[in-house]
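1. Give me a model of this one.
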Amino acid sequence: QVQLVESGGGLVQAGGSLILSCVASGFTFRYSAMGWFRQAPGAEREFVAASRWSDSGGEYAESVKGRFTISRDNAKRTVYLQMINLKPEDTAVYYCNKVSRPNGHWAAEGSWGQGTQVTVSS
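-> Coordinates of the predicted model:
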């Protein structure tokens, strides 16, 4: 059974930083691409970043490029999202998931965890 547990969210001022963590279980993490998504109030969930399993390289939404960094520790079955220079528009619930790219766009596979709230004050 797939389980995803996100943590590390909180309240920060604009310009601040946070590191989110996601511990995964129930699938072969080492050979799975992993991604972060976020959902702001009243908005649809959107892609933020993905970590390819083949080379652990990261891919990012334009809105977070240069500010967010995705990384992973296969031994700990954990994917991280380091966020710097946070902006009020980054306020959202952040989720991780196993991802794939069947049509050129990263998409989540399976069910979601509880997410972790990030709130950026101006």
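2. which element is S71 on?
-> Using DSSP states H and E, S71 maps to strand 68-73.
3. pLDDT of that strand, averaged?
-> The predicted model gives strand 68-73 an average pLDDT of 97.
4. Now the residue nearest to the spatial centre of the chain: closest residue in space, sequence neighbours ignored.
-> Closest residue to the average C-alpha location of the chain: W36 at 2.1 Å, with CA atoms, centre = their mean. Leaving aside its chain neighbours, W36 sits nearest to V48 (4.4 Å; criterion: CB to CB, 6 or more residues apart in numbering). For the C-beta atoms, the positions are set from N, CA and C on the backbone; glycine is no exception.
5. wait, isn't that neighbour in contact with R38?
-> Yes. The criterion here is CB atoms under 8 Å, and V48 meets it with R38 at 5.3 Å.
6. what do those two both touch?
-> Y94 (CB atoms under 8 Å, 6 or more residues apart in numbering).
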